[in-house]
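In: For reference, the sequence and a predicted model appear below.
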Amino acid sequence: MKTDLIKAFKLTLAFCLLLSVGYIGVLRMFAKLEGPANGSVEMLSVKNREVGAVLVGQEFTRNDLFWGRPSAVDYKADGSGGSNYGSDNSEYLAIVKKRIDKFLMAHPYLKREEVPAELVTASGSGLDPHIPVKAAYVQIERVADARHLSVTSLRALVDELAEKPIGGPSVVNVLKLNVNLIKITE
């Protein structure tokens, strides 16, 4: 009986090591090989000051910067998640209507139906750092006016930073876009 207990203890210890250390090691190795930035957090800087992580969305509200997706979790990376509202929930619809109205105030050249859904609805994680390229295009006129830049140069910047994921529409990372915008104008 004592030998069976020792065997059980050894087996338990072996599986604890395998499933904690081994599993994490395999995941980390996979992230290093296949993940963006080799599994590390890629931080962006402006004037030697870190301004954010590339894969975590941030709130931008200034007219001279591109705006990203709204967040249901106030952009807090430690508690990511969606709003859990259904698409026909009256509270949710009121929130989206308020976001559309705010967006149209800053973009008077747009009609209500031209506002991209991605700019007024939160993503599933609440931290999506990307917007579709078309969502960046509709903001170009506002940003160009605020920065005194040409629409053509801003469109070229958006196109330069566009990423084409497998099986999806082209997207642009809002933080990368804004950091590049700041670097070329300041």
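Out: Alright, I've got the coordinates.

In: Which pLDDT does the model give residue 68?
Out: According to the predicted model, the pLDDT of residue 68 comes to 93.

In: Quick one, grab the pLDDT at the residue nearest to residue 151 when sequence neighbours are not counted.
Out: Nearest in space to residue 151, with sequence neighbours left out and distances taken as Cβ to Cβ, 6 or more residues apart in numbering, is residue 144 at 4.9 Å. Every residue, glycine included, has its C-beta placed from N, CA and C. Reading off the per-residue confidence, residue 144 sits at a pLDDT of 96.

In: pretty sure residue 144 is in contact with residue 155, am I right?
Out: No. Applying Cβ atoms under 8 Å, one finds residue 144 not in contact with residue 155, separated by 9.1 Å.

In: Just name the shakiest helix or strand of the protein by mean pLDDT.
Out: Using mean pLDDT, DSSP states H and E, helix 23-34 stands out as the lowest-scoring helix or strand of the chain, at a mean of 74.

In: chain center to whichever helix or strand comes after that one, what's the gap?
Out: Per DSSP states H and E, helix 23-34 leads on to strand 43-46 as the next helix or strand towards the C-terminus. Averaging C-alpha positions (Cα atoms, centre = their mean, to the nearest Å) puts strand 43-46 15 Å from its chain's average.

In: Run me through the strand neighbours of strand 43-46, direction for each.
Out: strand 49-53 (antiparallel) (DSSP bridges).

In: count of neighbours near residue 129?
Out: Neighbour count of residue 129, defined by other Cβ atoms under 10 Å: 21.
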